[in-house]
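Peer 1: Coordinates for the following, if possible.
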Amino acid sequence: MISVSFIIPVYNCKAYLEDCIRSILQTGLVRSEIILVDDGSTDGSGSVCDALAVEHTEIRVIHQSNAGASAARNRGLREARGERILFLDADDSIDSALLAEVLADARCSQTDLTVYGMTFDYYHQGKCYRRDP
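Peer 2: Okay, the predicted model is just below:
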């Protein structure tokens, strides 16, 4: 059984997509799937999705005409097989330690929904700055 389905809407995000996928793969979750919903990308993101799916068996790709991020998430949700769902955007990355903590808390508390924090990295004049909202 699949424990976590990562659902990622993909629209013209070729520059970020591989880093996002790499961060998920580095979590070490063995019973997970990554669902990439290509929402009509025109920058080659769909081809990147297909190449990643060939390389990693836990990745599934769905191609659809552009309908927006919400429609792409909903399509991924319909296709998901995991007992937990995690939504990401293609320019996001996952912190392995935080993910393990969130999944453990969700299992212990048997919650239906878990919301957790995020940080923003932004670049200015060649330096990376991190902001915790």
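Peer 1: Give the rounded mean pLDDT of stretch 4-13.
Peer 2: Stretch 4-13 shows a mean pLDDT of 97.
Peer 1: what does it rub up against?
Peer 2: 17, 20, 24, 29, 31-43, 45-46, 49, 66, 69, 72-73, 76-77, 80-91, 103 (C-beta atoms under 8 Å, 6 or more residues apart in numbering). For the C-beta atoms, the positions are set from N, CA and C on the backbone; glycine is no exception.
Peer 1: Can you select the buried ones among those residues for me in ChimeraX?
Peer 2: The ChimeraX command for the buried members of these (criterion: 16 or more other C-beta atoms under 10 Å) is given here:
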select :17,20,24,29,32,33,34,35,36,37,38,39,40,41,45,46,49,72,73,76,80,82,84,86,88,90,103
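Peer 1: Can you pick out the ones from the contacts of stretch 4-13 that are in helices?
Peer 2: Counting by DSSP state H, the part of the contacts of stretch 4-13 found in helices is Leu17, Cys20, Ile24, Ser45, Gly46, Cys49, Ala69, Ala72, Arg73, Gly76, Leu77, Leu103.
Peer 1: end to end, how far does stretch 64-72 reach?
Peer 2: 8 Å (C-alpha to C-alpha, to the nearest Å).
Peer 1: start the count at 18, not 1, going forward
Peer 2: Noted, 18 is the first residue going forward, which turns the last one into stretch 81-89.
Peer 1: I would like the residues contacting it, please.
Peer 2: Under the criterion C-beta under 8 Å, 6+ apart, residues Pro26, Val27, Tyr28, Val54, Asp55, Asp56, Gly57, Arg92, Asp106 lie in contact with stretch 81-89.
Peer 1: switch the cut-off to 6 Å
Peer 2: Under the contact criterion C-beta atoms under 6 Å, 6 or more residues apart in numbering, stretch 81-89 has outside partners Pro26, Val54, Asp56, Gly57.
Peer 1: Quick check: the closest residue to the second one other than its chain neighbours vs Cys30, distance?
Peer 2: What that stands for is Val54. Spatial nearest neighbour of Val54, excluding adjacent residues (C-beta to C-beta, 6 or more residues apart in numbering): Ala89 at 4.0 Å. Plainly put, Ala89 is 11 Å away from Cys30 if you go by C-beta to C-beta, to the nearest Å.
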